[in-house]
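Asks: With the sequence up front, the predicted model follows.
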Amino acid sequence: MQKGTIIGLLACASAFGLSACGESAPPAPPPPAVGVVTLKVESAPLLNELPGRISAFETAEVRPQISGIIRRRLFQEGGFVRAGQLLYEIDDAPYRAALAQAKGSLAKAQATIRSTGLQAQRYKELVTINAVSRQDYDDAAAAAQQARADVAASQGSVQAAQVNQNFTRIRAPISGRIGRSLFTPGALVQSGQPDALTTIQRTDTVYVDVTQSAAQIIDLKQAIKNGGVSDAGGVRIRLILPNGSDYPIEGRLQFSEVTVDPSSGAVTLRATFPNPDGLLLPGMYVRAKMVEGQRTQAILAPQQGISRDARGRATALVVGKDNKVESRQVEVDRAVGDKWIVTKGLKAGDRLIVEGLVNLRPGAVVRPGAPQQVTVAQGGAR
């Protein structure tokens, strides 16, 4: 090859590149495809998940009102008892004797009242003719009055003895499930003892006591007052059981405490739940999901499109002008299902990137399309 030809080829390569000399360069890679969701203004329920404990609708600790020896236990532990059902029998021999003694005293007082009454009547007639002294008449009248008082006192003693005898048969004060018996037949029990014989709990309906911070309650009231949130028309509550499953029956909020717990800064809320199957047990720990209100102008962003930077701030990537990626710092309120309520940083019409985020950087040109995995409303993707 001639020297001039070689020099010409080198000049051609350096000036025009390989393509100008008859060879083609590899094509530039296409923009990466991303899945986007076009945000819009929606109405969203304000859900709040709070810890709670279950307590019985009614609880009665059964205690003796007299002292004595338990003779019989007449219920099955763990079973259902009805109000008025006989639970224990205490030996009533001392109380039967006391009742008989009280009745005898009453009969004696009733016999005395007749004789003193007749004597007072006779002295009343004799004093008018000065057959007896005025003092004798006054003494007879006082004795008759004393006899009547003795009868009244004896009647009270009979009633008290009868009440004590009735207390030897201990009955259920309420209907419900009865627990284990802490005393057996033959045990000595006493009036006013600190330990209950057993406990009855009514659980066909139960209370759920949940705690909510005072700050959250104030925020909700202010949001409703300012018009950004509408009242839910009665707070609805659902339960998450300890195993993570949902309780199928919805409860109702009954009331809120009027004071704030100074140690925790929280307010106790009480709700009632039907418990026909006995699934909810007193003392059980649950999570309560409450619908507190309805946010009327909300931006809902799929959770896949919101991430955290190294400083823990919420960020999002959106497709901007000329399909270039833009980074936004956002603020979120709470989750609604699989979405976040965004309060700052995003607006209606933004195209939020929810798929294809790996190795994606702000300023890169992308090819937006409908997401493949994220479920969106009809017409939500572009």
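Replies: Looks like it came in fine.
Asks: In this structure, what residue spans correspond to helices?
Replies: All helices of the chain, identified by DSSP state H, fall at 3-16, 93-127, 134-166, 214-226.
Asks: Could you tell me the least trusted of the ones you listed?
Replies: Mean pLDDT is lowest for helix 3-16 among the helices of the chain, at a mean of 46.
Asks: in this protein, which ranges drop under the pLDDT threshold?
Replies: When residues are selected by pLDDT under 70, those of the chain lie in 1-25, 115, 117-118, 120, 122-127, 129, 131-132, 137-138, 219-235, 373-382.
Asks: can you list the domains in it?
Replies: Per automatic domain parsing, the domain ranges recorded for the chain read 33-43+297-369, 47-57+204-296, 68-200.
Asks: Of all those domains, which one is nearest residue 27?
Replies: Closest of the domains of the chain to residue 27 is domain 33-43+297-369, at 15.4 Å (criterion: Cβ to Cβ). C-beta here means a position set from N, CA and C on the backbone, and glycine is covered the same way.
Asks: Determine how far the last residue of that closest one lies from the first.
Replies: 7 Å (Cα to Cα, to the nearest Å).
Asks: do stretch 342-360 as well
Replies: 22 Å.
Asks: Please apply the same query to stretch 70-79.
Replies: 20 Å.
Asks: so how far is it off the chain centroid?
Replies: Remark: stretch 70-79 is offset 32 Å from the chain centroid, using Cα atoms, centre = their mean, to the nearest Å.
Asks: cool, stretch 346-363 as well?
Replies: On Cα atoms, centre = their mean, the centre of stretch 346-363 falls 40 Å from the chain's centre.
Asks: Just the terminal-to-terminal distance for it.
Replies: End-to-end distance (Cα to Cα), stretch 346-363: 18 Å.
Asks: Flag every buried residue along that stretch.
Replies: 346, 350-356 (16 or more other Cβ atoms under 10 Å).
Asks: do stretch 77-94 as well
Replies: Within stretch 77-94, the residues scored as buried using 16+ other Cβ under 10 Å are 81, 87-90, 92, 94.
Asks: wait, residue 110 sits on residue 152?
Replies: No: between residue 110 and residue 152 there is no contact under Cβ atoms under 8 Å: 10.7 Å.
Asks: Compare these two and say which is more crowded by neighbours.
Replies: residue 110 (15 against 11; other Cβ atoms under 10 Å).
Asks: which residues does the more buried one contact?
Replies: 151, 154 (Cβ atoms under 8 Å, 6 or more residues apart in numbering).
Asks: try it again with 10 Å
Replies: 147-148, 150-151, 154-155 (Cβ atoms under 10 Å, 6 or more residues apart in numbering).
Asks: JSON lines for those, including distance to residue 135 and neighbour count?
Replies: Putting the contacts of residue 110 into JSON lines (distance: Cβ to Cβ, whole Å; neighbours: other Cβ atoms under 10 Å) gives the following:
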{"residue": "147", "distance to residue 135": "19", "neighbour count": "19"}
{"residue": "148", "distance to residue 135": "21", "neighbour count": "15"}
{"residue": "150", "distance to residue 135": "22", "neighbour count": "18"}
{"residue": "151", "distance to residue 135": "25", "neighbour count": "19"}
{"residue": "154", "distance to residue 135": "28", "neighbour count": "19"}
{"residue": "155", "distance to residue 135": "31", "neighbour count": "16"}
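Asks: Using TSV, please lay out these together with distance to residue 175.
Replies: Output for the contacts of residue 110, formatted as TSV (distance: Cβ to Cβ, whole Å):
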residue	distance to residue 175
147	47
148	45
150	43
151	41
154	38
155	34
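Asks: between the residues you listed, which is closest to residue 215?
Replies: Nearest to residue 215 among those, with distances taken as Cβ to Cβ, is residue 155, at 63.8 Å.
Asks: Can you get me a residue count around residue 303?
Replies: 15.
Asks: Report the contact partners of it.
Replies: Counting by Cβ under 10 Å, 6+ apart, residue 303 has contacts 332, 335-340, 354, 374.
Asks: swap in residue 288?
Replies: Per Cβ under 10 Å, 6+ apart, neighbours of residue 288: 48-52, 208-212, 237-240, 247, 251, 253, 269, 271, 273.
Asks: Of those residues, grab the buried ones for PyMOL.
Replies: Buried residues among the contacts of residue 288 (16+ other Cβ under 10 Å), as a PyMOL selection:
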select buried, resi 48+50+52+208+210+211+212+237+238+239+247+251+253+269+271+273
